[in-house]
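Novice: my questions concern the predicted model and sequence given below.
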Amino acid sequence: MNEDIRSAIVALTVHAKEVIAGSYENVKQIFLLTDSTSHSPEVADLAETFGMMVVKVEAREFALEQTIAKLKEEKSKVELLVKLRSQLSVIFISTVLLTTFYIFVLGFLELKTICNLSNIGQIREFSSRVIEVITLGIVILFIRLMHLSLKEFGVTSTGWKRSAIESVAVSFVVIGMLAVFKYFMIQSGSPLFSETAIFNFGYFGITYITYLLVAPMQEFIARGTMQGSLSLLLPGKNSGLLAVLVTSFLFGALHMSHSIALSFSALLTSLLWGWMYERHKTLVGVSISHFLVGNAAGLMGYWTFF
């Protein structure tokens, strides 16, 4: 056998074993054998064919490694998403259970043997605040234990300015509508309102001040926790809209023990605040609007027949 062919076969065999082992460091040496001026045409052709095969094998292995890495990354994302959905489910279910307990307690306080108590209003108000604080504490505890960020539940200053400006504008529109409605009721002689002034500051009390804390707390539970969790749990592009609807009906049901009028009003305002939260993903605006509209409605006497 020609010495040139023999040495070429030995070199190609060595490099073939390296390729099998996964090493492509010496591939350049194979292409040195393709020089037809230094080697016979047969050796040059064989080396070129072998070299091109190695290059294609290396390219396919690299593409395969990239695909495997991408699949692993996607798998990690899916696992994180499944974990997040599981955590959000726990938070949502816990909130709904506590909300249901809240409804039962308020319903219990409406029993004739209890509601005739002279201080039933204070008892009802105190019970509401206690259950809300308990719900808030449990939800925040779950969020911390699951290592989730409060930003995911609307506790963020991102976009607060735009949210606040929009909330004030929308709130004054709502308050204006309430004032116009009361004005026409007074002019028509309706007994719905006991006073003739649009705003009666005689209703003002400590609850109007504490509403600075109550409004954000209720919005965190309703909008941040319930609506925020649902919008991530529900599939499809309309998940945000469905989350607003579900949360709003639950929010309305919370007030059913007081009256159907308050429940319906709570449903409508919750739809408004749910839409605002879906737009900005921050509790700043909805909390401001909740505070303004709630207090204005009280000063106009709406709470007297709710």
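Specialist: Now that the structure is in, tell me what you want to look at.

Novice: can you give the domain ranges for the chain?
Specialist: 3-70, 151-306 (automatic domain parsing).

Novice: mind checking which of those domains is nearest Leu98?
Specialist: Proximity to Leu98, assessed across the domains of the chain by Cβ to Cβ, is greatest for domain 151-306 (8.4 Å). In short, each C-beta sits where N, CA and C put it, glycine included.

Novice: so what's the gap between the closest one and the chain middle?
Specialist: Put simply, domain 151-306 sits 20 Å off its chain's centre (Cα atoms, centre = their mean, to the nearest Å).

Novice: longest helix of this protein?
Specialist: With DSSP state H setting the assignment, residue counts place helix 41-108 as the longest helix in the chain.

Novice: helices or strands up against it?
Specialist: Packed against helix 41-108 by the contact rule (3 or more Cβ pairs under 8 Å, 6 or more residues apart in numbering; DSSP states H and E) you find helix 3-20, helix 27-32, helix 120-145, helix 228-233, helix 239-254.

Novice: what sits against Phe193?
Specialist: Going by Cβ atoms under 8 Å, 6 or more residues apart in numbering, Phe193 touches Lys182, Met185, Ile186, Met300, Gly301, Thr304.

Novice: how about the nearest residue to it once chain neighbours are set aside, phi and psi?
Specialist: Leaving aside its chain neighbours, Phe193 sits nearest to Gly301 (5.1 Å; criterion: Cβ to Cβ, 6 or more residues apart in numbering). Comment: the main-chain dihedrals of Gly301 come out as phi 90, psi 10, following degrees, to the nearest 10.

Novice: need the pLDDT of Gly301.
Specialist: Model confidence at Gly301, given as pLDDT, is 90.

Novice: so who does it touch?
Specialist: The neighbours of Gly301, taking Cβ under 8 Å, 6+ apart as the test, are Lys182, Phe193, Ser194, Glu195, Asn200, Tyr203.

Novice: could you report the separation of Ser76 from Ile260?
Specialist: Distance check for Ser76 against Ile260: by Cβ to Cβ, to the nearest Å, it reads 50 Å.
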